[in-house]
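Undergrad: Here is my input, please return the structure:
(one chain, ligands or ions: 2)
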Amino acid sequence: MTILVTGGAGYIGSHMTLELLDAGEKVVVLDDLSTGFRWAVPEEVPLIVGDFGDAALLRDIFARHDVQSIIHFAAKIVVPESVADPLGYYSNNTAKARALLEAAVEAGVKRIIFSSTAAVYGDPEHNPVTEDESLKPVSPYGRSKLMVEWMLEDVSRAHDLAYVALRYFNVAGADPKGRSGQSTPKATHLIKVAVQAALGLRPGMQVFGTDYPTPDGTCLRDYIHVTDLARAHLDALRHLRGGGESLVCNCGYAHGFSVLEVIETVKRVSGVDFPVEFAGRRPGDPAAIVAANDRIRSRLGWTPRHDDLETIVRQALDWERKLAVRNESGA
Ligand SMILES: NC(=O)c1ccc[n+]([C@@H]2O[C@H](COP(=O)([O-])OP(=O)(O)OC[C@H]3O[C@@H](n4cnc5c(N)ncnc54)[C@H](O)[C@@H]3O)[C@@H](O)[C@H]2O)c1
Ligand SMILES: O=c1ccn([C@@H]2O[C@H](COP(=O)(O)OP(=O)(O)O[C@H]3O[C@H](CO)[C@H](O)[C@H](O)[C@H]3O)[C@@H](O)[C@H]2O)c(=O)[nH]1
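TA: Ligands and ions are numbered 1, 2, ... in the order given. Have a look, this model is predicted:
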């Protein structure tokens with residue numbers, strides 16, 4: 001039985017592929033390499049370069065490989081880009097997911113795990129936010145993902161296809177064995193930016209907003225280690241294989257760090273006091289968003305192993321150094 005990983009050449013998908021191989025699973029990756037990297041897919045894993053919305057290609061993959069489960073990561077993921085190009089996001093993230101589901105149902109695929117996002121909550125009224133909080137995404141990106149959750153709910157009722165939708169909070173860190181990490185050249189994620197500043201790869205950084213209703217005035221986020229996140233998918237797979245029902249679960253540690261706390265941690269771990277400028281709020285940023293994680297713990301038996309900001313930062317620094325050497329050598 002093979003697992004199809006869409007987006008397996010990207011940041012989270014490449015960690016998932018490693019985790020699946022470590023667990024002895026058979027994997028095939030489908031990725032168009034729009035933001036992913038060929039080198040991020042281990043040599044022993046077949047990489048099909050193509051579009052996950054291409055029905056003919058999907059039919060061919062399902063005919064050649066005994067795919068019983070899909071882990072669907074492939075998507076466009078940049079919130080401001082989604083505001084500028086909503087139709088591009090609804091096409092890539094929503095319409096193509098419909099095509100994937102249609103092909104999966106046609107081929108008799110039994111299980112799908114979907115990368116959803118905390119962005120489906122928008123600016124939540126309560127923290128930690130539970131899965132039952134009202135869903136008010138504020139960006140086309142969040143809406144494009146929420147619509148897929150709704151499709152999954154309907155499709156799973158009508159067909160023999162069970163699903164787990166995992167709502168990721170702020171994904172960070174790198175493979176503890178140093179095999180992969182966040183490699184997107186212009187990534188805007190806080191930890192990536194701070195780590196680049198610490199390594200002198202950028203002159204400094206900005207803090208977006210210091211007047212939020214939080215203890216130090218900067219935004220609070222729940223940073224989850226990418227390997228703990230990948231393991232949540234393994235737990236979801238086990239749940240579905242055991243006949244478990246379809247589920248939506250948050251993925252986070254249930255505690256938050258402020259932007260200033262993250263920057264302070266990067267400075268401490270790296271030993272570099274890089275320049276930080278205080279700037280205005282970034283449009284669309286919720287003040288605080290922290291995951292309630294009771295459901296994923298009780299229903300999937302998930303337990304975090306890397307819930308430590310210093311470890312996350314240290315591994316992000318290690319990966320960024322590796323990446324700098326790789327980029328310098330033109331590999
Ligand atoms: N990074 C985060 O903090 C975060 C938070 C919440 C949710 N997510 C979700 O996790 C998933 C993975 O995100 P990531 O951070 O690894 O991003 P990424 O950009 O590194 O990975 C996405 C991968 O999908 C591929 N892809 C995109 N469109 C495709 C298409 N039409 N056909 C085939 N391949 C395609 C890209 O080439 C890339 O390899 C996404 O669905 C994203 O929405 C990420
Ligand atoms: O240079 C920077 C970068 C970020 N921030 C701040 O740091 C916090 C975290 O920002 P990120 O960009 O790292 O993460 P977001 O919380 O905006 O985004 C996360 O949630 C989004 C949905 O809301 C998407 O899912 C996205 O992929 C995921 O990383 C925010 O307050 C942001 O304003 C800064 O102050 N300076």
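
Undergrad: so where do the helices sit in the stretch 1-150 of the chain?
TA: In order along the chain, the stretch 1-150 of the chain carries the following helices (DSSP state H, counting those that start in this stretch): 11-22, 55-64, 79-84, 86-89, 96-107, 140-158.

Undergrad: counting contacts, what elements does the fourth one pack onto?
TA: The helices and strands touching helix 86-89, judged by 3 or more Cβ pairs under 8 Å, 6 or more residues apart in numbering; DSSP states H and E, are helix 79-84, helix 140-158. C-beta: built from backbone N, CA, C; applies to glycine.

Undergrad: Could you please name the strands the helix or strand that comes right after the last one pairs with and the direction of each pair?
TA: Downstream of helix 140-158, the next assigned helix or strand under DSSP states H and E is strand 162-168. Strand 162-168 has the following sheet partners, assigned by DSSP bridges: strand 111-117 (parallel), strand 247-251 (parallel).

Undergrad: Average pLDDT for strand 162-168, rounded please.
TA: Regarding strand 162-168, the rounded mean pLDDT is 98.

Undergrad: Check what contacts the helix or strand following it and list those residues.
TA: Using DSSP H and E, the helix or strand that follows strand 162-168 in sequence is strand 170-172. Applying Cβ atoms under 8 Å, 6 or more residues apart in numbering, the external contacts of strand 170-172 come out as 11-12, 118, 182, 189-192, 221-226, 229, 252, 312, 316.

Undergrad: Sort out which of the residues you listed are in helices and list them.
TA: Y11, I12, L190, I191, K192, V226, L229, I312, A316 (DSSP state H).

Undergrad: What about the closest residue to the fifth one other than its chain neighbours, how many residues nearby?
TA: Looking back up the chat, that one is K192. With sequence-adjacent residues excluded and distances taken as Cβ to Cβ, 6 or more residues apart in numbering, K192 is closest to Q182, at 5.3 Å. The tally of other residues near Q182 (other Cβ atoms under 10 Å) stands at 23.

Undergrad: likewise W150?
TA: 12.

Undergrad: residues touching the residue of the stretch 151-300 of the chain at minimum distance from ligand 2, list them.
TA: Nearest residue of the stretch 151-300 of the chain to ligand 2: C219, at 3.1 Å (Cβ to the nearest ligand atom). Residues near C219 by Cβ under 8 Å, 6+ apart: F208, G209, Y212, S258, V259, D285, P286, A287, A288.

Undergrad: Quick one: those as JSON lines, columns for secondary structure and distance to ligand 2 too.
TA: Converted to JSON lines, the contacts of C219 look like this (DSSP: H, G, I helix; E, B strand; the rest coil; distance: Cβ to the nearest ligand atom, whole Å):
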{"residue": "F208", "secondary structure": "strand", "distance to ligand 2": "4"}
{"residue": "G209", "secondary structure": "coil", "distance to ligand 2": "6"}
{"residue": "Y212", "secondary structure": "coil", "distance to ligand 2": "8"}
{"residue": "S258", "secondary structure": "strand", "distance to ligand 2": "9"}
{"residue": "V259", "secondary structure": "helix", "distance to ligand 2": "5"}
{"residue": "D285", "secondary structure": "coil", "distance to ligand 2": "5"}
{"residue": "P286", "secondary structure": "coil", "distance to ligand 2": "7"}
{"residue": "A287", "secondary structure": "coil", "distance to ligand 2": "8"}
{"residue": "A288", "secondary structure": "strand", "distance to ligand 2": "9"}
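
Undergrad: Who wins on neighbours among these?
TA: Most neighbours among the contacts of C219, by other Cβ under 10 Å: V259, with 25 neighbours.

Undergrad: which residue packs closest to it, ignoring adjacent ones?
TA: T218 (3.8 Å).

Undergrad: residues from the stretch 1-150 of the chain in reach of ligand 1?
TA: Taking Cβ under 6 Å from any ligand atom as the contact definition, the stretch 1-150 of the chain meets ligand 1 at 6-7, 9-13, 30-36, 51-53, 73-75, 77, 92, 96, 115, 117.
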